[in-house]
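Colleague: Next come a sequence and a model predicted from it.
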Amino acid sequence: MRVARWALLAIGVLGFFLVLTAYVVYRALFGGSDPMFVTIEKTDVRQPPPPSIVLTDDDPSTHRPEFDPERIDSRPVGEWQVNASAAVIRIDSPMIRGDFEPELLRLYPSYAAAVEGNRSSRRIVLPSANLIDGVGKQIDDGLYAAIERAMLRDEAGNLAGTIAWVRRVQEALPSDSVARAYLQGARELAGDPATDDPALRSATDRHLQRFERAPLSTPAGFYTWNAELERCWRAFRYLQTALEEELEPVAREIAAVLASNAELADQAADIHGFYSLLSNPGTDLTPNDLIGAENETLKEIAARLQREATVTILPRSTSRETELFERLFPLGVPEGVDMMSELIRRIRSGEVDLTPAAGEGWYQHQAFALETLLDADRAQEADKLVLTAAYKRRLIEAFKALITKRRETHMRSMKTAEAMAAAPPPPESIAPRLRLEPAATYYLRTARAYRFVELLLASQLGDEALGRLKGLSADGERERSLRDELAAIVERSYGFYLVSCEDIGMAPALADDEGVDIAAAKQSALDWIANWQSDADLAIDTRVVVPVYVDPFAGKMRLWGTIGIRMAKLDASYVVGPKIRPADGSGDWIDVERYQLDGSEYLIPVDEFVEFEYPGTQIPTRDRFRAICDETGDRETFLQRFR
């Protein structure tokens, strides 16, 4: 009887545990209104890792612009005039949370696509400095491509064509000259018929093979638009070959021809000088430098002229970043070094000065325009804007992308009273009203850079040639002549400056001799702002890559690239409010009450910049680079591919 009782107890306990186990399994599989287990999702949102450059928010107390009663915004608010001359605007770029706003982190190939993909946002899409530069980039590429083609075809107005000059020099050389084969190589790369002279053929092939083995001999950038531009790249890049050591006799024999023919010597100087101004001067000797120096070595000539002991027919344009990187990394780039950060740090400290020196070219003027993005304290608008550290980081990212695009255009050449009536009711709120990203000094310097190249081309090519030549694109010629296109972008860039000045309540500070038609320039900018989303240039794939360092011994390159367009947030709010008065000009200026001050929220299209190491010594074409961007899809995946 006792055994039976224990048996029943054991069976009961076992049954209880079986039922409990079944219940737990059931709830785990099928859940219920009161689950035993709760899954908690935790989203870890962190600010991006701190940059190597320490940035801080501006101190509002140091921004106290003076009130100017005549500085009236042209846009009344209802029946009130607005005067923001003493106002100070806070500009921020809030962090984007990928869990809440994943659409803002998506990368697009063009500005137009990025804007179209974010039409549902509650924020107003504001033209960014990047986007405005995106239009200029298409003009820059088209202009440079047209000039290169004109120099190839001998259609550059007052300037002798480069290959036409090469032909004339070759014809003037003795039949046994070693320079004839070198110049024949340039001619054949440019599309001239191949020589059938056996001796000349053999020597020419050696020059061509040496060139094809050299780093960066493959066309890239806009030079892949068509076969003629590819010939421009190869022929002109070939003429940038350093004539030293075993190639020194080539330079000496060309110099001897120039010494006996003043016209060819002048043409050589004009071509070299033109490209030095179109991009930037080089540091090499020219064949003209060798005239009368037959008894000096290249090192002696270079020391006397303070140049490098190499000779090139066309200049290898230098730049501040090239000079810096050559000095910092003579033996290669150490692992983990970010070259862009090194450049930015030195620009901000003043060690690298982007101010164009006498004789420097268009590229340097363009780079100088970008400098203000790195140190807003140098900008005219510094007293009007209180920038957060986050927005300063956004400007640094803009610099990275835009200097990359600038270099890519120049790649082949390279080495912002008592009221008389009852006052209307004041506006309920006043907020900053930006029509484009507030980078006034950048826009001003960009206008001056375009004016520089406009005057350069007018003086060197002549007005007739400028009116005849058209910029190029991947699909052929652009609609307008270089003369008209340059005049338009000069005027519009000045207009961007004027509009940005008005947006933040700052008086424009143009030089006395700039001769800007202020009304026309501002209207040109306003017309573009009203219709910028239909600008065809913004629909063009804007992703580019450019080399900044080649290590032929390790068989790799360091490249800068822009891998797509995404959207960033830009917030504007008054730190010091504007003053208002009735729109008819009557009454005194009165402060806007603190409770009336509101903020503005915008989206701005921005480029995603990367620096990465690439195997080999040939630049990937735009098509290849863009295919990689499409395959990877985002920044981290892209960078992971090259780690």
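Modeller: Noted; the coordinates are in hand. Remember, predicted model here, so these are calculated numbers, not experimental data.
Colleague: can you give me how far the helix or strand containing Ala113 is from the chain middle?
Modeller: Here Ala113 sits within helix 111-116, counting by DSSP states H and E. Computed by Cα atoms, centre = their mean, to the nearest Å, the separation of helix 111-116 from the middle of its chain amounts to 18 Å.
Colleague: now stretch 406-414
Modeller: How far stretch 406-414 lies from its chain's middle: 11 Å, per Cα atoms, centre = their mean.
Colleague: Please look at Ile590 and Gly577 and confirm they touch.
Modeller: No - with contact defined as Cβ atoms under 8 Å, Ile590 does not reach Gly577; the gap is 10.5 Å. The C-beta positions use only the backbone N, C-alpha and C, and glycine is treated the same way.
Colleague: what about these two, which has more around it?
Modeller: Gly577 (19 against 13; other Cβ atoms under 10 Å).
Colleague: Give me the local confidence score for that one.
Modeller: For Gly577, the pLDDT comes out at 91.
Colleague: what's the span of stretch 315-329, first residue to last?
Modeller: This stretch, stretch 315-329, spans 22 Å end to end (Cα to Cα, to the nearest Å).
Colleague: which residues sit against that stretch?
Modeller: 240, 242, 272, 275-276, 279-284, 286, 337, 339, 342-343, 346-347, 352-354, 361, 363-364, 367, 403, 407, 410, 413-415, 548-549 (Cβ atoms under 8 Å, 6 or more residues apart in numbering).
Colleague: Which ones among these map onto strands?
Modeller: Val548, Tyr549 (DSSP state E).
Colleague: Weed out the non-buried ones from the contacts of stretch 315-329.
Modeller: Taking 16 or more other Cβ atoms under 10 Å as the criterion, what is buried in the contacts of stretch 315-329 is 240, 242, 272, 275-276, 279-284, 286, 339, 342-343, 346-347, 352, 354, 361, 363-364, 367, 403, 407, 410, 413-415, 548-549.
Colleague: Just these: which are in helices?
Modeller: Assignment to helices by DSSP state H places the following of the buried ones among the contacts of stretch 315-329 there: 272, 275-276, 339, 342-343, 346-347, 363-364, 367, 403, 407.
Colleague: Looking at these, which one is closest to Glu502?
Modeller: Distances from Glu502 to those, taken as Cβ to Cβ, are shortest for Ala367 (27.0 Å).
Colleague: Excluding covalently adjacent residues, which one is nearest to that closest one?
Modeller: Distances taken as Cβ to Cβ, 6 or more residues apart in numbering place Leu354 nearest to Ala367, at 5.0 Å, with adjacent residues excluded.
Colleague: Let me see the contact set for the residue positioned nearest the centre of the chain.
Modeller: The centroid of the chain falls nearest to Leu402 when counting by Cα atoms, centre = their mean (1.6 Å). Leu402 makes contact with Ala129, Asn130, Asp133, Leu370, Leu373, Asp607, according to Cβ under 8 Å, 6+ apart.
Colleague: Arg71: which of these is nearest?
Modeller: Ala129 (23.5 Å).
Colleague: For Ile53, see how far away the closest one is.
Modeller: Ala129 sits at a distance of 19 Å from Ile53 (criterion: Cβ to Cβ, to the nearest Å).
Colleague: Which one of those two is surrounded by more residues?
Modeller: Ala129 (29 against 14).
Colleague: Just read off the phi/psi values of that one.
Modeller: Main-chain dihedrals, Ala129, degrees, to the nearest 10: phi -60, psi -40.
Colleague: so where does Leu258 fall, helix or strand?
Modeller: helix 248-260.
Colleague: Output the contacting helices and strands for that helix.
Modeller: Packing partners of helix 248-260 (3 or more Cβ pairs under 8 Å, 6 or more residues apart in numbering; DSSP states H and E): helix 162-172, helix 179-189, helix 262-278.
Colleague: Out of these, which is the most enclosed?
Modeller: helix 179-189 (a mean of 24; mean count of other Cβ atoms under 10 Å).
Colleague: List the contacts of the nearest residue to Met151 once chain neighbours are set aside.
Modeller: What sits nearest to Met151 in space, not counting adjacent residues and going by Cβ to Cβ, 6+ apart, is Thr162, at 4.8 Å. Thr162 is in contact with Met151, Leu152, Ala235, Phe236, Leu239, Ile271, Leu314, counting by Cβ under 8 Å, 6+ apart.
Colleague: how close does the closest residue to Ser493 other than its chain neighbours get to Ala113?
Modeller: What sits nearest to Ser493 in space, not counting adjacent residues and going by Cβ to Cβ, 6+ apart, is Ala447, at 3.5 Å. Separation of Ala447 from Ala113 (Cβ to Cβ): 28 Å.
Colleague: neighbour-wise, which of these two wins?
Modeller: Ala447 (25 against 19).
Colleague: which SS class is the more buried one?
Modeller: helix (DSSP: H, G, I helix; E, B strand; the rest coil).
Colleague: Pull the contacting residues for it.
Modeller: The contact partners of Ala447, by Cβ under 8 Å, 6+ apart, come to Val490, Ser493, Tyr494, Phe496, Tyr497.
Colleague: how many degrees apart are the helix holding Leu258 and helix 262-278 in direction?
Modeller: Interaxial angle, helix 248-260 versus helix 262-278 (axes from the mean of the first three to the mean of the last three Cα atoms, to 10 degrees): 120 degrees.
Colleague: Helix 248-260 vs helix 162-172, what angle?
Modeller: 90 degrees.
Colleague: mean confidence score for helix 248-260?
Modeller: Mean per-residue pLDDT for helix 248-260: 96.
Colleague: Same question for stretch 170-183.
Modeller: 95.
Colleague: what about that stretch, start to end distance?
Modeller: Stretch 170-183 has an end-to-end distance of 6 Å (Cα to Cα).
Colleague: what does it contact?
Modeller: Taking Cβ under 8 Å, 6+ apart as the rule, stretch 170-183 contacts 166-167, 169, 184, 187, 200, 203-204, 206-207, 243, 247, 249-251, 253-254, 257, 260-261, 264.
Colleague: May I see the ChimeraX selection of the buried members of these?
Modeller: Here is the ChimeraX command that selects the buried residues among the contacts of stretch 170-183 (16+ other Cβ under 10 Å):
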select :166,167,169,184,187,203,204,207,243,247,250,251,253,254,257,264
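Colleague: what residues are up against the residue nearest to Ala367?
Modeller: Counting by Cβ under 8 Å, 6+ apart, Leu354 touches Arg320, Ile347, Gln364, Ala367, Phe368, Leu370, Glu371.
Colleague: before we move on, back to that, quick one: the contacts of Leu402 as CSV, columns for distance to Glu300, secondary structure and pLDDT too.
Modeller: Formatted as CSV, the contacts of Leu402 follow (distance: Cβ to Cβ, whole Å; DSSP: H, G, I helix; E, B strand; the rest coil; pLDDT from 0 to 100):
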residue, distance to Glu300, secondary structure, pLDDT
Ala129, 47, helix, 92
Asn130, 48, helix, 92
Asp133, 44, helix, 93
Leu370, 38, helix, 92
Leu373, 43, coil, 92
Asp607, 46, strand, 94
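Colleague: Could you point out which of these is nearest to Ser61?
Modeller: Nearest member of those to Ser61, counting by Cβ to Cβ, is Leu373, at 24.4 Å.
Colleague: Quick check: that closest one touching Lys400?
Modeller: No - under the criterion of Cβ under 8 Å, Leu373 makes no contact with Lys400, lying 9.3 Å away.
Colleague: Between these two, point out the one with more neighbours.
Modeller: Legend: neighbour count by other Cβ under 10 Å for Leu373 and Lys400, higher for Leu373 (27 against 23).
Colleague: Need the residues that contact stretch 97-117.
Modeller: The contact list for stretch 97-117, computed with Cβ under 8 Å, 6+ apart, reads 43, 45, 96, 118, 121, 125, 130-131, 134, 533, 535, 538-543, 563-569, 603, 605, 608, 626, 629, 633-635.
Colleague: for this protein, longest strand please?
Modeller: Assigned via DSSP E, the chain shows its longest strand as strand 556-576.
Colleague: just the angle between the helix or strand harbouring Leu603 and strand 556-576, please?
Modeller: Using DSSP H and E, Leu603 maps to strand 599-615. Strand 599-615 runs at 170 degrees relative to strand 556-576, counting by the same axes, to 10 degrees.
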